[in-house]
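Q: dropping the sequence and predicted coords here.
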Amino acid sequence: MTTPILSVRNAVKRYGQVHALDHVDLDVADGEFLTLLGPSGSGKTTLLSAIAGFIRPDEGSIHLRDREITAAPPEQRDFGMVFQGYALFPTMTVRDNVAFPLKVRRRPAAEIAARVTECLALVQMEQYADRMPQQLSGGQQQRVALARALSFKPQVLLLDEPLSALDKKLRADLQWELKALHDQLGVTFIYVTHDQDEALSMSDRIVILRDGKIQQQGAPGELYNRPRTAFVADFLGKSNFIDVSVSGEADGVFHCQAKGAQFEVDAKGTSASQISRVALRPERLRLAEPGQEFLPATVKQVSYLGERCQVIVTHDQLGELLVSCPTWKTGITPRAGLPVSIGWDRDACVPLSND
C-alpha cells in the first residue's frame, strides 16, 4: 500500500469491561473502497464512529494523511457521512438538503447552485430537486443523502449500513450504483455492513471484525477462498467444517482421515501439524449418482433457490454436509431420501487455524 490517506493505530475503546475496540490497527488507501464487516457487537460501527469523530478512543491515535485527528471534532475532519436512516432535513427540499453543507461552509451562491445540480445528476435525482423528503421513496432519499454527503467534495466518505433499510432488489440495484459512483469519483469509501454479499460485491478490501479485533483483512476473493479461521469461513459465506488427522504427505498433498472417511488435501506450504480442521465451501462439492464420486451419501433436504439448489446430505461418518449445485442442466435432480455420492477436488479444502 502507498502512503495511506487514513491510519488508525492501537485504537482501544472500552465500555465498562467490554472492549468495543481492542488494539485495532488499520490503514486505508487513498481512493479505496474499504468495508468493515462483522456481526452485531463486533466493533465495526464503533470503529467508524471513532474515525468520524463521534467518539474518542480511550487509547491510540487516528491520522488523516500527516495530521492527527484523534481529538478533532467531526466538523473539522471534513468527512462525508451517509447513515442508515437517511437523516435528511424534513422541512427542506431536496435541493436545500444537498446545498446545506455548502451553505455552512459559506461557499458562493453560484458555486452552490452548480454543485447541487452536479451532485443530483450523479445520483439521478435532478428531476426531484424541488420535492420534500417525505415525497420520496426510501431509495430516493438515500440517493439524496449520498448527494449531500458528496456535495462539499470530502476526502473520505463514511457509510454506516446505508442500504440495510431497503428491500432486497432495490438494495442490489443501489450496490451497483454505489460501486460505479466510487469508481467514477475516486473518493475513499469506508463502508460498514453486516451483509456478506454486499461486502463481497462492492469492496476493494474487506476487514472482518469480531469482539473488537480484526480477524482477517484482504481482497474479497482472498478472504472467501482462503479464510484463516472457522469464524471467517463461516461468517463470510457458508462452509462445511471437517476435523481431520493426517496419515501421510507427498509434495504438499496430505492424506487425511475423518471418522473413517479418507480424502486428500492439497495445502502446499503447510505442515501436517497445521492441519487438524478444514473448511469446505458448499459449491466445491459435487453431487452425483451413487458410485460416481468417492463418498456415498443420502439426500436429507433440498432448498430450491432458482439458479442453485442447497442440498443437505448425510454421510455415515462425516454426518451432514451442505452442497450447493446449479439447477440448470444438472445430471441429477436431488430429493429427500435419494442415494447419491459426493466428492471434491483435493485443493477444495482450506486448512484452518484456531479461532
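A: Sure, I can see it.
Q: what score does the spatially most central residue of the chain have for pLDDT?
A: With distances taken as C-alpha atoms, centre = their mean, the residue of the chain nearest its centroid is residue 199 (2.6 Å). Per-residue confidence at residue 199 stands at 95 (pLDDT).
Q: contact partners for it?
A: Contacts of residue 199 were listed using C-beta atoms under 8 Å, 6 or more residues apart in numbering, and they are 35, 37, 191, 193, 206, 220, 236. Yep, even glycine has a C-beta here, placed from its N, CA and C like the rest.
Q: where do the strands sit along the stretch 101-250 of the chain?
A: If you assign secondary structure with DSSP state E, counting those that start in this stretch, the strands in the stretch 101-250 of the chain sit at 156-160, 188-193, 205-210, 213-218, 240-243, 245-250.
Q: Serialize the contacts of residue 199 to CSV and add fields for neighbour count.
A: Below are the contacts of residue 199 laid out as CSV (neighbours: other C-beta atoms under 10 Å):
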residue, neighbour count
35, 26
37, 26
191, 26
193, 23
206, 27
220, 18
236, 21
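Q: from the residues you listed, which two are the most distant?
A: 191 and 236 (15.2 Å; C-beta to C-beta).
Q: redo the strands of the stretch 101-250 of the chain as TSV? Include distance to residue 139 and mean pLDDT.
A: Converted to TSV, the strands of the stretch 101-250 of the chain look like this (distance: least, C-beta to C-beta, whole Å; pLDDT from 0 to 100):
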stretch	distance to residue 139	mean pLDDT
strand 156-160	15	96
strand 188-193	17	97
strand 205-210	24	98
strand 213-218	30	97
strand 240-243	37	96
strand 245-250	52	91
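Q: test my guess that residue 116 contacts residue 98.
A: Yes: with contacts defined as C-beta atoms under 8 Å, residue 116 counts as touching residue 98 at a distance of 4.8 Å.
Q: anything in contact with each of those two?
A: With contacts taken as C-beta under 8 Å, 6+ apart, the residues that reach both residue 116 and residue 98 are 147, 151.
Q: against residue 179, how distant is residue 285?
A: Separation of residue 285 from residue 179 (C-beta to C-beta, to the nearest Å) stands at 30 Å.
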